[in-house]
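>>> heads up, no residue letters with this:
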């Protein structure tokens, strides 16, 4: 296999680290990542610390220099601030950071490695509110009706990438992942937050499981299936197109909490914590994944298996 | 008539100054504007210099203070960097400025005058490329396919406003104006640029009219009709909705140049100037204005009359 040189921004993060693992499993070997801190023992063991490049992606000059010297063939742009729950309070930082970084990446590709294929990570949050059952499951043509600044930052990244695709003929594909879960996810997100609490209850450090609104329906996919989809879109996706990545199955958040509780070694008492409620939430987000299926992708890992793995990871970490 | 207190950001600019004139004509009298420099003799004569508030809208603290003290009932947010042609080179500044200002305005309304109605100015540029004749004329549900960072900044403003409408129940309406023309427009835009050159040719200061790509079709509306539409949307528009503002008639740019040339007192020789060509341009942008018509709006000023007025204004200024 001819080895493309791969660069992953945010390669030491949650999805990024799973992407590195999946690429190695598939036989890719020339893998570089950028990291804000420049250090990550987990990724260093996988690809060598010399392939972790310390970089502040908001610094467009340094970003340009790295791309000029590395000359990647494929670039996965995953780096972003991604705290949906907090993002009204931190709206400025989330919006400005994600857009500045996207622009820095696009300019560097345009000016220094125009032949590279760039995969941009959007989000199901871009679609936001569905106003009728006919709009569900959500296809790639669903209108943007975002409900928070994080979602707006992802729309901006997505649309800015489209503008560079059209105006500079850059080779860009976009993915719009729905909720994904797995090891190493930040406890800012719902499922790791629940799991961490359940593990604390098992250890006798906490008495009750505090939850927010559990009436929402979400589409959860194992992060390992998600990063396989990224690799497929990188290699087979059509330039200028966006691809929904999600299982296609909606699950009530309350059902997730029940499944997690059933995996616990102690009985779990659930209480609603008002501080976990958002000003507004999207009732139902389920992916229409027909476009990804046409590329040959299908989720392979059942939700229960993922939840078991996540629970086991949080018990050990 | 009970007088609402009106605040216009960018009220000393092109559309802003026409909006002030139109509001005065319609009997509104409690009109305030913000201005970056804080001075504008034209607007000062209309509303008094004490009603021009010097303000850097990217400064969210100062913006919040002004809204807290003024307590506007209606707020027209027009201020934005709007140089489409230049915006790839100045992409950083246009994107970051327009989004930062929008966020500053939304936060100030949310925190200090939540009952105010806010009108946000998007742009037909948000729609960008149409991929089939069926998508034309462009309705409000046309997908966003922007081709430059200015368009992306307007999408971001539009979507951020939507997020605040949904999540904080703010009273927000959005307008998406197509091309508009009239007195006092910056010569960064095509028609003022042509007109200025033609006046220079009439004066013997220039020999040829330099033009860019004239094969594009655009929808031109007199700025006086456009600001009347803004006032109508402010008073009758539905919260959370966006309204296209355009005549509904497409005109070839070459036909505009012909009409302007016909108004000149000298013969006009036209030459193509490659520096005026953009990396990519949208072939055809024409508004479907059915939604505005339902509100009771119709353009009233024929294009020829507007062009005569513009020509006459540039001869005297």
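That came through, no problem. As the structure is a prediction and not an experimental result, all values here were calculated from the model.

>>> switch to C-alpha atoms for all contacts and neighbour counts from now on
Noted.

>>> Show me which residues of chain A sit near chain B.
Applying Cα under 8 Å from any Cα of the partner chain, we find that chain A lies next to chain B at A:92, A:96, A:100, A:103, A:141, A:143-149, A:152-153, A:155-156, A:159-160, A:162-164, A:166-168, A:279-280.

>>> Can you flag the buried ones in these?
A:92, A:96, A:100, A:103, A:143-149, A:152-153, A:155-156, A:159-160, A:162-164, A:166-167 (16 or more other Cα atoms under 10 Å in any protein chain shown).

>>> Relative to the whole chain's centre, how far out is stretch A:105-121?
Its chain's average C-alpha position is 19 Å from that of stretch A:105-121, according to Cα atoms, centre = their mean, to the nearest Å.

>>> Let me see the residues that make contact with it.
A:57, A:60, A:63-64, A:67-68, A:71-78, A:154, A:157-158, A:161, A:164, A:168, A:170-177, A:230, A:233-234 (Cα atoms under 8 Å, 6 or more residues apart in numbering or on different chains).

>>> Which members of those residues are classed as buried?
Applying 16+ other Cα under 10 Å to these flags A:57, A:60, A:63-64, A:67, A:71-78, A:154, A:157-158, A:161, A:164, A:170-177, A:230, A:233-234 as buried.

>>> Strands - which of those land there?
Judged by DSSP state E, the subset of the buried ones among the contacts of stretch A:105-121 located in strands is A:74, A:75, A:76, A:77, A:171, A:172, A:173, A:174, A:175, A:176, A:177.

>>> which among those residues gets closest to residue A:224?
Taking Cα to Cα as the measure, residue A:224 lies nearest residue A:177 of these, at 12.3 Å.

>>> What pLDDT is listed against the residue of the stretch 151-300 of chain A found nearest chain B?
The nearest approach of the stretch 151-300 of chain A to chain B comes at residue A:163, 4.0 Å away (Cα to the nearest Cα). Looking at residue A:163, its pLDDT reads 96.

>>> Now do the contacts for it.
Taking Cα under 8 Å, 6+ apart as the test, what residue A:163 contacts is B:145, B:146, B:147, B:148, B:149, B:152.

>>> hmm, 7 Å instead?
By Cα atoms under 7 Å, 6 or more residues apart in numbering or on different chains, residue A:163 lies in contact with B:146, B:147, B:148.

>>> mind listing what the first one touches?
In other words, residue B:146. Here residue B:146 is in contact with A:159, A:162, A:163, B:125, B:126, B:127, B:128, B:129, B:152 (Cα under 7 Å, 6+ apart).

>>> Equivalent analysis for the second one, please.
Contact analysis of residue B:147 by Cα under 7 Å, 6+ apart lists A:163, A:166, A:167, B:128.

>>> Take those and lay them out in JSON lines including distance to residue B:32 and secondary structure.
Shown next, in JSON lines, are the contacts of residue B:147 (distance: Cα to Cα, whole Å; DSSP: H, G, I helix; E, B strand; the rest coil):
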{"residue": "A:163", "distance to residue B:32": "36", "secondary structure": "helix"}
{"residue": "A:166", "distance to residue B:32": "40", "secondary structure": "helix"}
{"residue": "A:167", "distance to residue B:32": "39", "secondary structure": "helix"}
{"residue": "B:128", "distance to residue B:32": "33", "secondary structure": "strand"}
